[in-house]
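Asker: Prediction below, plus the sequence it came from.
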Amino acid sequence: MNYSIEDIMERAKELTTKPEIVVRAEQMLLDPNISFKDIAKVVSMDPGLTARAFKVANSCFFGRLSKAKTLTEAIVTIGIKGLYSLVLVHLIKEYYKTFGLQEMSFWNHSVSVSISSMILATEKGLGEVEDAMVSGLLHDIGKDILNSAEPETYADITRKVRCNGISYALSEQELFGFTHAEVGFELAKRWNFPEHIQKVILYHHNLFCLRQIEKESPASFWLTSLVNLADTLCIRLGMSIKTPQNGFGWGDVEAAKTLGFSEEQLTELEPVIKTRIEEEKRMFD
Ligand SMILES: [Fe+2]
Ligand SMILES: [Fe+2]
């Protein structure tokens, strides 16, 4: 069968149609006259999103000395850009609610990569933590789209990945003629995600393009390496559909070198990140 990305997007309409709440979040992001109070009013209409704003603002990543007591306080803490990320997080979580084990495993992997990306970003003082959060969470969104459009074919791909140890990207390329990275990139373009996040989704398995990425968008350069490293770390820890893969040294991981993490540093960080993922994942419940 011949597939096209266009066709896949059409068949996964439930997931690929841009929801009204994202449009409203974009408008808020672009409106220079909007106040945090006005934003709080809009957010408070959605109890799930409100709860999420408190959880994220009060997590250790935003450095509050005391807990945010009002929604306005929580939104000031995470900022408008952080709130936009939160809207995306919220939507994706809502989407996963109705699905089975495979989808839950995709969600758990995305949450683990998101938290690891935030920890690694904080560790190196790289960029903004909300970019790390949202990039980690969305890096594999193309898998959900492919799975939603072609559930039987995608279940076969997952079986191959699990039993033969080959990568999703390779198996998708064979069966569809493109990968989850390209499909996720198409969604990111249609939903007008910030450009540097679009690039992370497209290149997260293609670090050989890093120099090209650096020329196109310097912000994407470190973020793509960061998500690639967090992804590798989560696969190594068994936080993915694959069995834990630890038969390689950190010295061989290109993204680790790019970001300036030494082998010793990452060996020390690995168990710390594992514990922190367990502690922080309630942020995304
Ligand atoms: Fe991926
Ligand atoms: Fe991944």
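Answerer: Cool, got the structure. Ligands and ions are numbered 1, 2, ... in the order given.
Asker: Ligand 2 contacts on the stretch 101-250 of the chain?
Answerer: 140, 231 (CB under 5 Å from the ion). In this view, the C-beta of every residue, glycine as well, is placed from N, C-alpha and C.
Asker: what about whichever residue of the stretch 1-150 of the chain sits closest to ligand 2, neighbour count?
Answerer: For the stretch 1-150 of the chain and ligand 2, the shortest gap (CB to the ion) falls at residue 140, measuring 4.4 Å. Close neighbours of residue 140, defined as other CB atoms under 10 Å, add up to 24.
Asker: doesn't residue 107 make contact with it?
Answerer: No - checked against CB atoms under 8 Å, the pair residue 140 and residue 107 is beyond contact range at 9.9 Å.
Asker: one step back: and the residue of the stretch 1-150 of the chain closest to ligand 2, backbone torsions?
Answerer: In terms of degrees, to the nearest 10, the main-chain angles of residue 140 are phi -110, psi 20.
Asker: ok, residue 283 - contacts?
Answerer: 55-56, 59, 115 (CB atoms under 8 Å, 6 or more residues apart in numbering).
Asker: For the stretch 51-200 of the chain, give me the ranges with low pLDDT.
Answerer: 95-99 (pLDDT under 70).
Asker: residue ranges for the strands of it, please.
Answerer: Taking DSSP state E, counting those that start in this stretch as the criterion, the stretch 51-200 of the chain contains no strands.
Asker: how deep is the residue nearest to residue 73 when sequence neighbours are not counted tucked in, by neighbour count?
Answerer: Once flanking residues are discounted, residue 73 sits nearest to residue 57: 7.4 Å by CB to CB, 6 or more residues apart in numbering. Neighbour count for residue 57, taken as other CB under 10 Å: 23.
Asker: Just to check, residue 57 is in contact with residue 74?
Answerer: Yes - counting by CB under 8 Å, residue 74 is a contact partner of residue 57 at 3.8 Å.
Asker: shared neighbours, the two?
Answerer: residue 68.
Asker: any idea how far the closest residue to residue 134 other than its chain neighbours is from residue 69?
Answerer: Leaving out its chain neighbours, the residue that sits closest to residue 134 by CB to CB, 6+ apart is residue 85, at 3.9 Å. Using CB to CB, to the nearest Å, residue 85 is found at 22 Å from residue 69.
Asker: ok, the two, which is more surrounded?
Answerer: Each of residue 85 and residue 69 has its neighbours counted (other CB under 10 Å); residue 85 has more, 28 against 10.
Asker: List the contacts of that one.
Answerer: Residue 85 sits in contact with 130-131, 133-134, where contact means CB under 8 Å, 6+ apart.
Asker: Could you measure from it over to residue 56?
Answerer: 9 Å.
Asker: before we move on, what about residue 172?
Answerer: 32 Å.
Asker: just residue 37 next, same as before
Answerer: In terms of CB to CB, residue 37 sits 19 Å off from residue 56.
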